[in-house]
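Student: The sequence and its predicted three-dimensional model are supplied below.
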Amino acid sequence: MAIKGNAADSRTRSSVSVFIVIGLCCFFYVLGAWQKSGFGKGDSIAVEITKQTDCTVLSNLNFETHHSGASSDDIPDSKVQTFEPCHERYRDYTPCQDQRRAMTFPRENMNYRERHCPPDEEKLYCLIPAPKGYVAPFSWPKSRDYVPYANVPYKSLTVEKAVQNWVQYEGNVFRFPGGGTQFPQGADRYIDQLASVIPIANGTVRTALDTGCGVASWGAYLLKRNVLAMSFAPRDSHEAQVQFALERGVPAVIGVLGTIQLPYPSRAFDMAHCSRCLIPWGSNDGMYMMEVDRVLRPGGYWVLSGPPINWKANFQAWQRTKDDLEQEQNKIEEIAALLCWEKISEKGEIAIWRKRINTDSCPVRQDESRARICESRNADDVWYKKMEACVTPYPEASSSEEVAGGQLKTFPDRLNDVPPRIASGSVPGISVEAYHEDNRLWKKHVKAYKKINKYLDTGRYRNIMDMNAGLGSFAAAIESPKLWVMNVVPTIAEKSMLGAVYERGLIGIYHDWCEGFSTYPRTYDLIHANGVFSLYKDKCKMEDILLEMDRILRPEGAVFFRDEVDVLMKVKRIVSGMRWNIKMVDHEDGPLVPEKILVAVKQYWVIGSSGNRTSDE
């Protein structure tokens with residue numbers, strides 16, 4: 001027994017030593033990397049140590065000693081496939097919103113602007129290059145107002161939207177004054193107008209949806225008021241709207257209200273917004289308003305500014321007839337009433353409705369013959385589901401004063417409060433105790449991550465993605481004004497928990513990782529992949545997922561993989577050919593735990609480079 005104890009102690013000491021080496025390695029690597037971006041000073045000593053320290057090899061970590069079952073294919077020195085750079089024309093490639101493929105689909109109801117992913121034979125098996133001169137974005141909050149021109153080298157918006165104060169080109173940067181088509185005096189002033197009606201300041205409104213967001217200035221300025229906005233816009237003739245938003249450090253995805261339902265759960269958002277977003281709200285029997293109603297929580301707010309609001313004063317400027325605009329507004333008012341939305345304000349060109357808290361509080365809804373109720377029993381089952389002109393029913397309430405689905409606390413209290421969907425047992429298999437345990441576990445995991453990467457919550461990483469978010473406890477554990485997390489719930493996950501994520505005051509989206517994500521390349525600073533490859537085992541090729549991660553990860557961005565050791569050995573072998581620096585780390589509970597952490601940093605390289613960094617790059 002003594003011999004076994006000594007061996008265990010030795011392995012423990014070895015594990016601690018490894019953690020120290022890893023921490024120093026990460027510290028000097030990132031410090032040196034910051035030289036490229038211009039945000040860290042990274043002196044010559046740090047650069048020299050970075051060169052001397054091999055972050056990709058930790059020779060005293062030998063998994064085969066403690067675990068069996070690894071095949072010969074998992075041997076680190078076996079032949080590794082090297083992925084070459086794609087042609088530079090793919091530098092802004094969005095596989096499921098590719099412009100050339102889009103034009104082959106019908107234009108009716110914006111179908112051609114929706115997701116249309118390439119078949120397997122058309123997938124790219126190469127690395128998407130960064131444009132020449134690419135640099136790390138400015139840190140928040142400077143990034144809200146300035147974006148390096150080299151990162152998004154498109155000037156069309158500065159011309160098309162010049163009079164609307166969207167974006168201005170100034171030397172080697174774009175400047176975002178915070179203006180918009182409907183808020184020429186700036187987003188702050190516009191939000192002040194909304195806040196005079198909507199309880200934004202007290203934490204009642206935390207999650208928002210911005211449809212047709214432009215460069216997402218509305219969402220950008222809501223952030224300092226502790227409101228997280230999920231902004232979306234199609235990939236269209238205005239180059240790179242969503243790319244600009246993410247480069248600024250603002251949550252956004254490529255998306256459109258078209259023929260399929262939005263990839264969000266029901267009752268997700270506290271507020272929805274359209275500022276001259278050009279969506280035909282009154283068309284298709286109100287289908288688009290009904291979809292907004294599905295994702296708007298009971299008691300939530302819908303803001304519509306621009307046409308047709310205040311049409312009597314603006315019809316000439318909008319170059320439309322009085323009759324046309326009046327009919328449009330009347331249709332919107334009719335649908336809003338059917339949806340149990342109460343208009344609470346109309347001032348100037350801004351109209352605000354509030355969704356009623358339950359069916360009993362809506363007299364119009366008592367006559368169900370006026371509304372076609374959606375037949376689907378699961379309002380969260382939306383992935384590639386056809387959008388219909390039907391009304392999503394409220395959850396049952398016991399009285400006219402009860403909020404259907406449950407009352408939410410104000411933020412930040414709701415972040416760790418038990419979500420109503422959990423408390424009511426609406427998520428099978430997830431008890432209140434399991435929820436609390438999940439929170440405790442991820443606080444522990446995040447603490448370990450911070451030992452590995454000292455910069456995790458310093459502002460170095462702004463845009464973070466959790467590829468398999470579960471209950472959102474990873475995001476809750478690192479919640480900070482310096483960063484935001486896109487909580488992705490895979491469509492094949494055993495339990496759909498995204499509704500609970502939103503009830504915590506976090507944002508996220510449904511997605512199938514066998515397909516490309518709805519974003520531009522280089523839009524995330526850090527990616528967290530917990531159990532992703534075990535989940536997708538035998539569903540699609542591992543390299544498809546890894547190459548998609550490489551596409552959306554910024555140069556010098558980081559990845560945390562957490563999975564079984566055998567799975568991570570396979571991941572390690574593939575990413576060895578992807579210009580990533582990698583290292584394997586023991587579970588925080590010690591080397592005998594079969595779950596491990598694989599840490600990766602994407603190398604800096606741009607179009608035409610060999611991938612080797614030099615001091616004058």
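Tutor: Yep, it's here.
Student: quick one: contacts of stretch 318-325?
Tutor: 307-308, 311-312, 315 (C-beta atoms under 8 Å, 6 or more residues apart in numbering). In this view, the C-beta of every residue, glycine as well, is placed from N, C-alpha and C.
Student: what's the span of it, first residue to last?
Tutor: With C-alpha to C-alpha, to the nearest Å as the measure, stretch 318-325 spans 10 Å from end to end.
Student: can you pull the buried residues of that stretch?
Tutor: Within stretch 318-325, the residues that qualify as buried are Leu325, counting by 16 or more other C-beta atoms under 10 Å.
Student: go on, stretch 482-492?
Tutor: 482-491.
Student: possible to save those residues as CSV with secondary structure, pLDDT and distance to Glu515?
Tutor: Shown next, in CSV, are those (DSSP: H, G, I helix; E, B strand; the rest coil; pLDDT from 0 to 100; distance: C-beta to C-beta, whole Å):
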residue, secondary structure, pLDDT, distance to Glu515
Lys482, coil, 97, 31
Leu483, strand, 98, 26
Trp484, strand, 98, 23
Val485, strand, 98, 21
Met486, strand, 98, 16
Asn487, strand, 98, 18
Val488, strand, 98, 12
Val489, strand, 98, 15
Pro490, strand, 98, 11
Thr491, coil, 98, 10
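Student: ok, which pair from the residues you listed is furthest apart?
Tutor: Lys482 and Thr491 (30.2 Å; C-beta to C-beta).
Student: Kindly tell me how buried Asp98 is, as a neighbour count.
Tutor: By the criterion of other C-beta atoms under 10 Å, Asp98 has 17 neighbours.
Student: Confirm for me that it is in contact with Glu122.
Tutor: No: using C-beta atoms under 8 Å, Asp98 is not in contact with Glu122; the gap is 9.3 Å.
Student: Rounded mean pLDDT for stretch 423-431, please.
Tutor: On average, the pLDDT along stretch 423-431 is 93.
Student: Can you give me the end-to-end span of that stretch?
Tutor: 7 Å.
Student: what does that stretch rub up against?
Tutor: Here stretch 423-431 makes contact (C-beta under 8 Å, 6+ apart) with 406, 420-422, 432, 471, 495-497, 499-500.
Student: Just the buried ones from the residues you listed?
Tutor: Here, 16+ other C-beta under 10 Å leaves 406, 420-422, 471, 496-497, 499-500 buried among those.
Student: For this protein, name the helix or strand with the lowest mean pLDDT.
Tutor: helix 63-66 (a mean of 24; mean pLDDT, DSSP states H and E).
Student: buried stuff in the following helix or strand past that helix?
Tutor: The C-terminal neighbour of helix 63-66 among helices and strands, as given by DSSP states H and E, is helix 99-102. Within helix 99-102, the residues that count as buried by 16+ other C-beta under 10 Å are Ala102.
Student: Run through the neighbouring helices and strands of the longest strand anywhere in the chain.
Tutor: Scanning the chain for the longest strand, with DSSP state E as the assignment, gives strand 553-564. With contacts defined as 3 or more C-beta pairs under 8 Å, 6 or more residues apart in numbering; DSSP states H and E, strand 553-564 has these neighbours: helix 2-37, helix 432-452, strand 524-530, helix 532-535, helix 565-575, strand 595-602.
Student: Mean pLDDT lowest where, among those?
Tutor: For the helices and strands packed on strand 553-564, mean pLDDT drops lowest on helix 2-37, to a mean of 39.
Student: from the chain's centre, how far out does the host helix or strand of Met271 sit?
Tutor: Met271 belongs to strand 269-275 when assigned by DSSP H and E. The chain centre lies 17 Å from the centre of strand 269-275; the measure is C-alpha atoms, centre = their mean, to the nearest Å.
Student: what lines up beside that strand in the sheet?
Tutor: strand 207-211 (parallel), strand 296-305 (parallel) (DSSP bridges).
Student: before we move on, back to that, please identify the buried residues of the longest strand of the chain?
Tutor: Buried-residue list, strand 553-564, by 16+ other C-beta under 10 Å: 553-563.
Student: Return the list of strands paired to it, each annotated with direction.
Tutor: With DSSP bridges as the test, strand 553-564 pairs up with strand 524-530 (parallel), strand 595-602 (antiparallel).
Student: Can you tell me which of those strands is most buried?
Tutor: Of all the strands paired with strand 553-564, strand 524-530 carries the top mean neighbour count, a mean of 23, counting by mean count of other C-beta atoms under 10 Å.
Student: tell me the angle of it relative to strand 484-490?
Tutor: Relative orientation of strand 524-530 and strand 484-490, computed by axes from the mean of the first three to the mean of the last three C-alpha atoms, to 10 degrees: 40 degrees.
Student: Would you map the strands across the stretch 251-400 of the chain?
Tutor: 252-254, 269-275, 296-305, 341-347, 350-355 (DSSP state E, counting those that start in this stretch).
Student: Quick one: closest of the ones you listed to Val205.
Tutor: Between these, strand 269-275 lies closest to Val205; by C-beta to C-beta that is 4.4 Å.
Student: Alpha carbons of that closest one, as PDB, please.
Tutor: C-alpha atoms of strand 269-275 as PDB (Å, rounded to 0.1, in the frame of the first residue of the first chain):
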ATOM      1  CA  PHE A 269     -36.200  38.100 -24.800                       C
ATOM      2  CA  ASP A 270     -37.300  40.800 -22.500                       C
ATOM      3  CA  MET A 271     -37.400  43.300 -25.400                       C
ATOM      4  CA  ALA A 272     -37.500  43.100 -29.200                       C
ATOM      5  CA  HIS A 273     -36.600  46.000 -31.500                       C
ATOM      6  CA  CYS A 274     -36.900  47.100 -35.100                       C
ATOM      7  CA  SER A 275     -35.400  50.500 -36.100                       C
END
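Student: who touches that strand?
Tutor: 180-183, 190, 198, 204-212, 218, 227, 229-230, 281, 292, 295-297, 300-306, 502.
Student: re earlier: make TSV from the strands paired with strand 269-275 and add mean pLDDT to it.
Tutor: Formatted as TSV, those follow (pLDDT from 0 to 100):
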stretch	mean pLDDT
strand 207-211	97
strand 296-305	97
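Student: how many neighbours does Ala389 have?
Tutor: By other C-beta under 10 Å, neighbour count at Ala389 equals 16.
Student: Could you measure from it over to Thr359?
Tutor: 19 Å (C-beta to C-beta, to the nearest Å).
Student: now the helices: where do they sit in the stretch 151-300 of the chain?
Tutor: 156-160, 187-195, 217-222, 241-247, 287-295 (DSSP state H, counting those that start in this stretch).
Student: for the buried residues of strand 553-564, which one is nearest Ser399?
Tutor: Nearest member of those to Ser399, counting by C-beta to C-beta, is Arg562, at 44.5 Å.
Student: what's near enough to touch the spatially closest residue to the closest one that is not a sequence neighbour?
Tutor: Closest residue to Arg562 apart from its sequence neighbours, by C-beta to C-beta, 6 or more residues apart in numbering: Asn530 at 4.5 Å. Asn530 makes contact with 466-468, 470, 474, 560, 562-563, according to C-beta under 8 Å, 6+ apart.
Student: Would you point out which residue is most central in the protein?
Tutor: Met486 (3.0 Å; C-alpha atoms, centre = their mean).
Student: I'd like to know how far that residue sits from Ile507.
Tutor: Distance, Met486 to Ile507, by C-beta to C-beta: 7 Å.
Student: shared neighbours of the two, anything?
Tutor: Common neighbours of Met486 and Ile507 (C-beta under 8 Å, 6+ apart) are Pro251.
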